[in-house]
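Colleague: I'd like to go over a predicted model; first the sequence, then the structure.
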Amino acid sequence: MHPLYQPVLDIIENASRDIVMPYYQNLKSDQINEKTPGDLVTVADKLSEEYIAGALAALLPDSKIVGEEAYAVDEAVVDQLADGVVWIIDPIDGTGNYAAGRAPFGIMIALVEQNETVAGWLYDPLTGRICHADNNGGAFMNGERVSVPEDHPERPVAALATGFMTAEERDTLLAAAEPFYEIVDIPRCAAEQYPRLVQGTNHISVFKRTLPWDHASGVLFLNEAGGKCARWDGSDYRPADRRKGLLGASSPKLWDEAAERLGDIFKT
């Protein structure tokens, strides 16, 4: 595991215990707002990010911070991702679920060096499950090394995030996927979606929007577990890359099949 595994986990657990869980199912209407239509933010998101950002900055004083809520205020913060040491924070992933008082939701943190994710943390406050990835060091769940299952069903399970797609993109994707895959609802929480791919609950995931706080830690976790998550052309996911489209699978073989079957609908 990464040398900072436990210090970062301590920070996450503190944020969960002191901020995220006390507000869970206790939010007032004036504590929930829309950043953009359908994209919610709560007082807990803001307080969680403020605490985590301060604690991570103290942990690595020369590092930079890119948080989801800071981006909502000033999109220029993502320009910091291209070089140096950067922490990426999603203070509450799955805010829509969280604000509605239901699971799943999570806290996600990634450590990036020179635009390459070197470590990731995906934490479930409700269960205490911690998924961790160390670049070239493996994937871990609750401290135990994990890997994707070797066997897959004849019709793999596909969770397709179509919410940010155009109607044409959605229809094209579904038409291509339905003959080959069992299509299921997404959890609306990347901190849950990536563990599902590693555990074999889902086998294929498609995303159009690929914001770094949603994907940097999860992509590394899936890849280190022996699955594959990459751009549609097969290139690595880099946090500073603003292209759209990301394909994840529980094995490289399933990824290759999906890339051929589904086609790159995000070329433009």
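Modeller: Cool, got the structure.
Colleague: And the next helix or strand past the one helix or strand Gly54 maps to?
Modeller: Under the criterion of DSSP states H and E, Gly54 resides in helix 43-59. Sequence-wise, the next helix or strand downstream of helix 43-59 (DSSP H and E) is strand 64-67.
Colleague: That next one pairs with which strands, and in what direction?
Modeller: strand 85-93 (parallel) (DSSP bridges).
Colleague: Run the chain-centre distance for the strand it pairs with.
Modeller: 10 Å (Cα atoms, centre = their mean, to the nearest Å).
Colleague: Now do the one helix or strand in the chain whose mean pLDDT sits lowest: everything it contacts.
Modeller: Ranked by mean pLDDT, DSSP states H and E, the weakest helix or strand in the chain is helix 68-73, scoring a mean of 80. The contact list for helix 68-73 (Cβ atoms under 8 Å, 6 or more residues apart in numbering) reads 35, 41, 45-46, 49, 53, 77-78, 89-91, 211, 213. From N, CA and C alone the C-beta is placed, and that goes for glycine too.
Colleague: how about a cut-off of 6 Å?
Modeller: Residues from elsewhere that reach helix 68-73, judged by Cβ atoms under 6 Å, 6 or more residues apart in numbering: 35, 45-46, 49, 77, 90, 213.
Colleague: now those as TSV including neighbour count, distance to Asn142 and pLDDT?
Modeller: Listed next are the contacts of helix 68-73 as TSV, based on neighbours: other Cβ atoms under 10 Å; distance: Cβ to Cβ, whole Å; pLDDT from 0 to 100:
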residue	neighbour count	distance to Asn142	pLDDT
Lys35	15	32	77
Asp45	28	25	94
Lys46	20	29	94
Glu49	25	25	94
Val77	17	32	79
Asp90	31	20	96
Trp213	24	23	93
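Colleague: before we move on, the earlier item: put the alpha carbons of the helix holding Gly54 into PDB.
Modeller: What follows is helix 43-59, C-alpha atoms only, in PDB (Å, rounded to 0.1, in the frame of the first residue of the first chain):
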ATOM      1  CA  VAL A  43     -23.400  22.100   3.400                       C
ATOM      2  CA  ALA A  44     -21.700  18.800   4.300                       C
ATOM      3  CA  ASP A  45     -19.900  18.700   0.900                       C
ATOM      4  CA  LYS A  46     -18.400  22.100   1.500                       C
ATOM      5  CA  LEU A  47     -17.400  21.500   5.100                       C
ATOM      6  CA  SER A  48     -16.000  18.000   4.300                       C
ATOM      7  CA  GLU A  49     -13.900  19.500   1.500                       C
ATOM      8  CA  GLU A  50     -12.700  22.300   3.600                       C
ATOM      9  CA  TYR A  51     -11.500  20.000   6.400                       C
ATOM     10  CA  ILE A  52     -10.000  17.400   4.000                       C
ATOM     11  CA  ALA A  53      -8.200  20.000   2.000                       C
ATOM     12  CA  GLY A  54      -6.600  21.600   5.100                       C
ATOM     13  CA  ALA A  55      -5.500  18.200   6.500                       C
ATOM     14  CA  LEU A  56      -4.000  17.000   3.200                       C
ATOM     15  CA  ALA A  57      -2.200  20.300   2.700                       C
ATOM     16  CA  ALA A  58      -0.600  19.900   6.100                       C
ATOM     17  CA  LEU A  59       0.300  16.300   5.300                       C
END
